[in-house]
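1. could you work out the structure for the sequence below:
(2 chains)
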Amino acid sequence: MVNLNSQDDKKSLHFLEQIIEQDLVSNSKVLTRFPPEPNGYLHIGHAKSICLNFGLAQKYGGECNLRFDDTNPTKEEVEYVDSIKEDVQWLGFQWARELYASDYFEQLYEWAVLFIKKGLAYVCHMTAQEVSDSRGTPTVPGKESPYRNRSVDENLMLFTRMKNGEFQEGECMLRAKIDMASPNMHMRDPIMYRIRYAHHHRTGNDWCIYPMYDFAHGQSDFIEGITHSFCTLEFEVHRPLYEWFLEYIAEPGQAVPKQREFARLNLNYTVMSKRKLLQLVEEKHVNGWDDPRMPTISGLRRRGYTAESIRTFANKVGVSKRENVIDVALLEHCVREDLNSTSARVMAVTDPLKIILTNYPENTTETVYGIINPENPNSEKRAIPFSRELYIERADFMEDAPKKFFRLAPGREVRLKNAYIIMCNEVIKNENGEIIELHCSYDPLSKSGSGTEEAQRKVKATLHWVSIADAVQTEIRLYDRLFTVENPLNTNEQEDFLSYLNPESLQIATAYIEPSIQNAQIGDRFQFERIGYFCVDKDSTTEKLVFNKTVGLRDTWAKVQNK
RNA sequence: UGUCCCGUGGUGUAAUGGUAACACUACUGGUUUUGGUCCAGUCAUUUAAGGUUCGAAUCCUUACGGGACAACCA
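-> As a prediction, this is how the structure comes out:
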């Protein structure tokens, strides 16, 4: 498992760390948990929670459990369980125990009976509509259920019959008897158990009654001996209920878990709710949960993000209780920083313009050498074939170049990276006036690394290139933000978030790459020099490599152009 | 006219009664055989008004602003 602590140096403590350190005085061990519901794939927001829960346990010498909150069989599937486990491990964490709330169904049932016996729970026969109507509103108190004051014996008998399948779905439920006038809606006789004739991914058809979140989560924490139960802000109003149940379950003086809440992660130009992500998948606006445009962990992984960069990101966004929207530029910065120091360089032309070196011998190929990774002082070199006919990037040539354009233009010189300095002598056009090729001459004395006076000549630009005869033709998938606006949820009445989908979020193109790319394996990451970071997609075949663009290099020239 | 939570540069996070700091973004400039990387610099009277104090981003009061809560979801 990765060790996060090395990154911590002398940073000040965030508020959850402060809480833990105060508790450490009386408590010896920190036990946390990451509690996903297996009803969807994990996203970058979950990554923050994972890094927090596992990281805190690690920092304070404790442990972190992976616990699936699987109390709603109608929405949960094994596929999601498997993907969640894969994602957590890929991120670099290993749980102490793999657990399921459904493991505790028997115990939870017994506790429910205990609440009935104490006169703190009752079976209620109101319909969903009646429950809703009688609950009141945040400003208006609710009304008590007519079934509220049944005898303990009758409740016991009824609850047993619920468990035995003697009622239909929706016919009745078990409710906690708290306070219908509480200003906290969650204390207005919340539902503890409901009837569901659904197959559960673990317990099969053993049960037809299932506990609600509020009667399962805190109890599960308690059973496992969790010391700190960290969750997102929307559960803050559940805290009194979390504590209310535990108060009657724990023995006097027995330690109970402490729930504390932090702000969830939001990223601009995307959505972060599982429901909306599921909708994107089901309605096929994207190609599955692991579509590289998705903010899911599996999507980011396929896109080429490293686990390291996501952990760094989670660390940099911080932890607090303020609503926040993180600029996706920070995520991109984190992955660039990692990939810059680790990825092999390669030259790839994505929009080719043919050039012919008129003074270079025909039918000749020579080998030039490039450094695989200039950030690594011990980097090896790679061999690159050079010849008379080359491709350069179309954007690297302008016929009428403004002063600020440093690249190739008629009568101007540039260096071909790792090779020679060339000059553009002639622009060849077709009958439509489109530029189809350039005739250039090269300076034989200017070869890279030769140390000659000519080679040390200063030129304004260095271009990447590829020898046409030796290039490997590949598919590249270029991604842009999935949504055109920073907050797709901020819609006016007649639109929904789908209307802000970016129609150009995926573009497919061809890249011609130097032949050293031939041995690339699925998942390998490269920097296409001067373009960006790419990784080999799983759709690659022996005939054709497919690359995903992870993120572009910072592009100062694009900014200058846009002014 | 409810309860709870939160207000610090464009964005996030620090400063825990004693000089508002760091990161990202943006913009300047330098280095560079990647217009990348790297390096240097610029960008805030801490929502407002009162109060306590020698001293307030920090404590108190009020106002204003934002968010959560009315699923047999989690």
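2. looking at the stretch 351-500 of chain A, which residue is nearest RNA strand B?
-> For the stretch 351-500 of chain A and RNA strand B, the shortest gap (C-beta to the nearest atom of the strand) falls at A:S448, measuring 2.5 Å. Bear in mind the C-beta positions are built from the backbone N, C-alpha and C, glycine included.
3. wasn't that residue part of a strand?
-> No. Read with DSSP: H, G, I helix; E, B strand; the rest coil, A:S448 is coil and lies in no strand.
4. pretty sure it contacts A:E454?
-> No. Judged on C-beta atoms under 8 Å, A:S448 makes no contact with A:E454 at a distance of 11.1 Å.
5. out of those two, which sits in the more crowded spot?
-> The residue with more neighbours, out of A:S448 and A:E454, is A:S448; 17 against 14, by other C-beta atoms under 10 Å.
6. how near is A:L158 to RNA strand B?
-> 14 Å (C-beta to the nearest atom of the strand, to the nearest Å).
7. go on, A:K59?
-> In terms of C-beta to the nearest atom of the strand, A:K59 sits 15 Å off from RNA strand B.
8. kindly report the same for A:N268.
-> Distance, A:N268 to RNA strand B, by C-beta to the nearest atom of the strand: 8 Å.
9. and for A:Q168?
-> Noted for A:Q168: a distance of 9 Å to RNA strand B, by C-beta to the nearest atom of the strand.
10. how about A:N562?
-> 8 Å.
11. A:F215 too?
-> From A:F215 to RNA strand B the distance is 8 Å (C-beta to the nearest atom of the strand).
12. so who does that residue touch?
-> Neighbouring residues of A:F215 by C-beta atoms under 8 Å, 6 or more residues apart in numbering: A:L108, A:A112, A:A176, A:P190, A:M192, A:Y193, A:F245.
13. so which of those are also by RNA strand B?
-> By C-beta under 7 Å from any atom of the strand, no member of the contacts of A:F215 lies near RNA strand B.
14. looking at these, which are in helices?
-> A:L108, A:A112, A:F245 (DSSP state H).
15. between the residues you listed, which sits nearest RNA strand B?
-> For the ones in helices among the contacts of A:F215, the minimum distance to RNA strand B (C-beta to the nearest atom of the strand) is 11.5 Å, reached by A:L108.
16. need the contact list for the nearest residue to the closest one once chain neighbours are set aside.
-> Leaving aside its chain neighbours, A:L108 sits nearest to A:P211 (5.0 Å; criterion: C-beta to C-beta, 6 or more residues apart in numbering). With contact taken as C-beta under 8 Å, 6+ apart, A:P211 is in contact with A:T71, A:A101, A:F105, A:L108, A:A112, A:M192, A:Y193.
17. against RNA strand B, how distant is A:P211?
-> Distance from A:P211 to RNA strand B, by C-beta to the nearest atom of the strand: 7 Å.
18. most neighbours, which of the contacts of A:P211?
-> Neighbour counts for the contacts of A:P211, by other C-beta under 10 Å, peak at A:T71, which reaches 27 neighbours.
19. is it in a helix, a strand, or coil?
-> At A:T71 the chain is in coil, as set by three-state DSSP.
20. any figure for the gap between it and A:H201?
-> From A:T71 across to A:H201, the span is 12 Å (C-beta to C-beta, to the nearest Å).
21. next one: A:Y242
-> 25 Å.
22. my guess is A:D524 meets A:D537, correct?
-> No. Assessed by C-beta under 8 Å, A:D524 is found out of contact with A:D537, at 10.4 Å.
23. pull up the gap between A:R150 and A:D327, please.
-> From A:R150 to A:D327 the distance is 56 Å (C-beta to C-beta).
24. of the two, who's got more company?
-> Each of A:R150 and A:D327 had its neighbours counted (other C-beta under 10 Å), and the higher figure belongs to A:R150 (18 against 12).
25. the more buried one touches A:Y122, doesn't it?
-> Yes. If you go by C-beta under 8 Å, A:R150 and A:Y122 touch, sitting 5.5 Å apart.
26. neighbour-wise, which of A:Y242 and A:H201 wins?
-> A:Y242 (24 against 17).
27. returning to that earlier point: and the residue nearest to A:L108, what are its bridge partners?
-> Bridge pairing for A:P211 (DSSP bridges) gives the partners A:Y193.
28. and A:L408, by the same measure?
-> With DSSP bridges as the rule, A:L408 is bridged to A:F397.
29. what's the neighbour count on it?
-> 26.
30. who are the contact partners of it?
-> Contacts of A:L408 (C-beta under 8 Å, 6+ apart): A:I392, A:D396, A:F397, A:M398, A:V414, A:I422, A:C424, A:L438, A:C440, A:A461, A:L463.
31. which residues touch A:H217?
-> A:P35, A:D69, A:A101, A:S229, A:Y242.
32. returning to that earlier point: closest to A:K276 among the contacts of A:F215?
-> Nearest to A:K276, judged by C-beta to C-beta, of the contacts of A:F215 is A:P190 at 26.5 Å.
33. mind pulling up the pLDDT for that closest one?
-> Looking at A:P190, its pLDDT stands at 98.
34. so it sits against A:H238, correct?
-> No. In this structure, A:P190 is not within contact of A:H238 by C-beta under 8 Å, at 9.1 Å.
35. list residues touching both of those two?
-> Common neighbours of A:P190 and A:H238 (criterion: C-beta under 8 Å, 6+ apart): A:D214.
36. what sits up against the host helix or strand of A:R415?
-> Per DSSP states H and E: A:R415 is located in strand A:413-416. Applying C-beta under 8 Å, 6+ apart, the contact partners of strand A:413-416 are A:386, A:390, A:392, A:396, A:406-408, A:421-423, A:442, A:446, A:448, A:459-465.
37. taking those one by one, which sit in strands?
-> Among the contacts of strand A:413-416, DSSP state E puts A:F386, A:L390, A:I392, A:I421, A:I422, A:M423, A:Y442, A:T462, A:L463, A:W465 in strands.
38. among those, which one has the most neighbours?
-> Of those, with other C-beta under 10 Å as the count, A:L390 tops at 29 neighbours.
39. which ones are touching that residue?
-> Going by C-beta under 8 Å, 6+ apart, A:L390 touches A:K354, A:I355, A:L357, A:L416, A:W465, A:V466, A:S467, A:I468.
40. now, of these, which are buried?
-> A:I355, A:L357, A:L416, A:W465, A:V466, A:S467, A:I468 (16 or more other C-beta atoms under 10 Å).
41. let's have the residues you listed in JSON lines, adding distance to RNA strand B.
-> Formatted as JSON lines, these follow (distance: C-beta to the nearest atom of the strand, whole Å):
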{"residue": "A:I355", "distance to RNA strand B": "16"}
{"residue": "A:L357", "distance to RNA strand B": "16"}
{"residue": "A:L416", "distance to RNA strand B": "8"}
{"residue": "A:W465", "distance to RNA strand B": "11"}
{"residue": "A:V466", "distance to RNA strand B": "14"}
{"residue": "A:S467", "distance to RNA strand B": "16"}
{"residue": "A:I468", "distance to RNA strand B": "20"}
